[in-house]
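J.: need coordinates for the below:
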Amino acid sequence: MSYSVGQVAGFAGVTVRTLHHYDEIGLLSPSARSHAGHRRYDDGDLDRLQQILFYRELGFPLEQVASLLDDPEADPQAHLRRQHELLTARIAELQKMAEAVEHAMEAKKMGINLTPEERFEVFGDNDPEQYADETENRWGDTEAYKESQRRTARYTKADWQRMQDENADWGRRYDAVMAEGEPADGERAMDLAEEHRQHINGWFYDCGYKMHTCLGDMYVADERFTAFYDAIRPGMAAHLRDAIHANARRHGHTPDAA
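T.: As a prediction, the model looks like this:
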């Protein structure tokens, strides 16, 4: 059974002009011609066209496709093995692309308008996206969360980098006061706890002393926050929690006060 050029174009989803071009360059010449000289393609031609389109989909230039298909050493099984390897690699590549898109979608939800490369450059392994869903589930209905979303939606890469630099500088200074034996209710520790609160005020949302003490408690209760602060200096999470409470008391606020 043979097929006209129009039928083959319809089967394969290509244009008649494409098939004419493949014929002209010797990539896919029809096996027969009608009495009127029109191209007629048989099942073998369709098989070759399928191979051509497969390699073209993977980005191979026509010259290389021709070399692959006309390789006298290659048999149909060799083509199938090659195609399987190429497809496996393409699937892995597409999965990585899908993951990157998912990360970008999550970043948009958080208002972090950075590329994956920029987020890695700014945050390293401490990407704030990783807790985005949990954060929204726990605090999505609060004004603090909504205010944080409004503010961070406007931040640029430079803003996030400046924030990270401030965090790093604060961490170095808190590490230093701990190394010098400063108690949690010492002036310098309480001053750094107040600076920590003001950092939240400036970058995210209005953080009163009651909320700040709740955050301090969470830094010890949630092992992920504990790990973050203790990575700067062992015991920092608990020391900071106590400094936050001491600072709140210094300003006349008890844990139950607003």
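J.: against Arg224, how distant is Arg197?
T.: Arg197 sits 20 Å away from Arg224, going by C-beta to C-beta, to the nearest Å. To be clear about C-beta, it is placed using only N, CA and C from the backbone, and glycine gets the same treatment.
J.: how about the helices in the stretch 151-258 of the chain?
T.: Taking DSSP state H, counting those that start in this stretch, the helices of the stretch 151-258 of the chain run over residues 157-179, 187-203, 209-221, 223-232, 236-250.
J.: need the winner for burial among the ones you listed.
T.: Of all those, helix 236-250 has the most neighbours on average by mean count of other C-beta atoms under 10 Å, namely a mean of 22.
J.: which outside residues touch that one?
T.: Residues from elsewhere that reach helix 236-250 (C-beta atoms under 8 Å, 6 or more residues apart in numbering): 174-175, 178, 184-185, 189-194, 196-197, 209-210, 212-213, 215-217, 219-220, 225-226, 228-230, 254-255, 257.
J.: neighbours around Gln64, how many?
T.: Using other C-beta atoms under 10 Å, Gln64 has 11 other residues around it.
J.: quick check: closest non-adjacent residue to it.
T.: Excluding its sequence neighbours, the residue lying closest to Gln64 (C-beta to C-beta, 6 or more residues apart in numbering) is Tyr55, at 7.5 Å.
J.: what does Ser29 give?
T.: In this structure, Ser29 finds its nearest non-sequential neighbour in Asp23, 5.2 Å apart by C-beta to C-beta, 6+ apart.
J.: cool, and Leu27?
T.: Using C-beta to C-beta, 6+ apart, the nearest residue to Leu27 is Ala66, at 5.3 Å.
J.: where does the chain dip in pLDDT?
T.: When residues are selected by pLDDT under 70, those of the chain lie in 72-77, 79-80, 99-142, 144-145, 149, 255-258.
J.: for the stretch 51-200 of the chain, which segments count as strands?
T.: For the stretch 51-200 of the chain, applying DSSP state E, counting those that start in this stretch gives no strands.
J.: ok, back up a step: give the contact list for the residue nearest to Leu27.
T.: Counting by C-beta under 8 Å, 6+ apart, Ala66 touches Ile25, Gly26, Leu27.
J.: which SS state does the last one fall under?
T.: If I follow you right, that is Leu27. Three-state assignment for Leu27 (DSSP: H, G, I helix; E, B strand; the rest coil): coil.
J.: could you number the chain from 792 rather than 1 from now on?
T.: All set: I'll call the first residue 792, so the last point we hit is now Leu818.
J.: gap between the closest residue to Glu934 other than its chain neighbours and Met1009?
T.: Spatial nearest neighbour of Glu934, excluding adjacent residues (C-beta to C-beta, 6+ apart): Tyr996 at 7.6 Å. Distance, Tyr996 to Met1009, by C-beta to C-beta: 15 Å.
J.: so how far is Ser939 from the residue nearest to Glu934?
T.: Noted for Tyr996: a distance of 5 Å to Ser939, by C-beta to C-beta.
J.: ok, now Arg830?
T.: Going from Arg830 to Ser939 by C-beta to C-beta gives 65 Å.
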